[in-house]
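Novice: here are the coordinates; sequence isn't available:
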């Protein structure tokens, strides 16, 4: 469990671990490359004796690639790691497909009712 006393970089490492465990990335280097970070950025920033802080430009790059990451949690440790209002694109696509199927079924039903009525 991550505590508020840990640094933002430590919370970022937890997020990267979450992505790896859920097979969304293969490793830290893939995450860094996707976000436009330098090789070993996370390891170098997390080195003991360093403040472990990240600038807003880095946080912005990360968030643009991973909008599910709760920035408040990343920066302060408050809240949950994942943003509750974020919905994965795959889930949205599935919901849209289901809605389209229902709409088509309703159209067919309305057409049948209209034909039977006349």
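Specialist: Perfect, thanks for sending it. Predicted model only: the values in this text are computed from it and were never measured.
Novice: what ranges do the helices span in this protein?
Specialist: In the chain, helices defined by DSSP state H lie at 8-21, 28-35, 41-46, 56-65, 71-76, 89-117, listed in chain order.
Novice: got JSON lines for those, with mean neighbour count too?
Specialist: Using the backbone N, CA and C atoms, a C-beta is placed for each residue, glycine as well. Listed next are the helices of the chain as JSON lines, based on neighbours: other C-beta atoms under 10 Å:
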{"stretch": "helix 8-21", "mean neighbour count": "18"}
{"stretch": "helix 28-35", "mean neighbour count": "17"}
{"stretch": "helix 41-46", "mean neighbour count": "17"}
{"stretch": "helix 56-65", "mean neighbour count": "14"}
{"stretch": "helix 71-76", "mean neighbour count": "15"}
{"stretch": "helix 89-117", "mean neighbour count": "10"}
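Novice: adding mean pLDDT and distance to residue 83, write these out as CSV.
Specialist: Formatted as CSV, those follow (pLDDT from 0 to 100; distance: least, C-beta to C-beta, whole Å):
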stretch, mean pLDDT, distance to residue 83
helix 8-21, 95, 11
helix 28-35, 97, 17
helix 41-46, 91, 21
helix 56-65, 95, 10
helix 71-76, 95, 8
helix 89-117, 84, 14
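Novice: turn these into CSV, columns for distance to residue 82.
Specialist: Shown next, in CSV, are the helices of the chain (distance: least, C-beta to C-beta, whole Å):
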stretch, distance to residue 82
helix 8-21, 8
helix 28-35, 16
helix 41-46, 19
helix 56-65, 12
helix 71-76, 8
helix 89-117, 13
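Novice: spatially central residue in this structure, please.
Specialist: Central residue check for the chain by C-alpha atoms, centre = their mean: the C-alpha nearest the mean position is that of residue 68, 2.7 Å away.
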